[in-house]
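S.K.: structural data only, the sequence is not supplied:
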């Protein structure tokens, strides 16, 4: 299965689940760690859960998507993460380095992206202040 076909199949799987409002596909090695390394050796599928989905249901949602990708599409080589529940830096990296491949709700996708970017910028500002305070001591 070529890259475009793979993305179409992943999009179809995501469309089947009403709790997923957006999906982002990242090639392996694009998620940067704080120390400059990369996470994972496999491609990553980031999904955004609807606002109505309780946080306690994220593992179930992730498992359902992994199972569907495996059984319906025969894809066993994707790491799936629920982006609602990851650190600000990871969300920002996903938005920066991924292809948005699915959105059931344009409004929820844009809201997620806006909040993720604002959270990351806030985090960066706090990190810079902490560095300054630590460096002046």
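M.R.: That came in fine, so what should we check first? Owing to the predicted nature of the structure, the values given are computational and were not obtained by experimental measurement.

S.K.: for the chain, which segments count as helices?
M.R.: For the chain, the helices defined by DSSP state H cover 3-15, 58-73, 88-97, 106-136.

S.K.: any idea which of those helices is most buried?
M.R.: Mean neighbours per residue, mean count of other C-beta atoms under 10 Å, is largest over the helices of the chain for helix 88-97, with a mean of 19. Just so you know, the C-beta spots here come from the backbone N, C-alpha and C atoms, and that holds for glycine as well.

S.K.: which helices and strands does it pack with?
M.R.: strand 20-26, helix 106-136 (3 or more C-beta pairs under 8 Å, 6 or more residues apart in numbering; DSSP states H and E).

S.K.: ok, which of the helices of the chain comes nearest residue 22?
M.R.: Nearest to residue 22, of all the helices of the chain, is helix 106-136, at 4.2 Å by C-beta to C-beta.

S.K.: picking that back up, now render the helices and strands packed on helix 88-97 as a markdown table, adding mean pLDDT.
M.R.: A markdown table is the format used below for these (pLDDT from 0 to 100):
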| stretch | mean pLDDT |
| --- | --- |
| strand 20-26 | 91 |
| helix 106-136 | 84 |
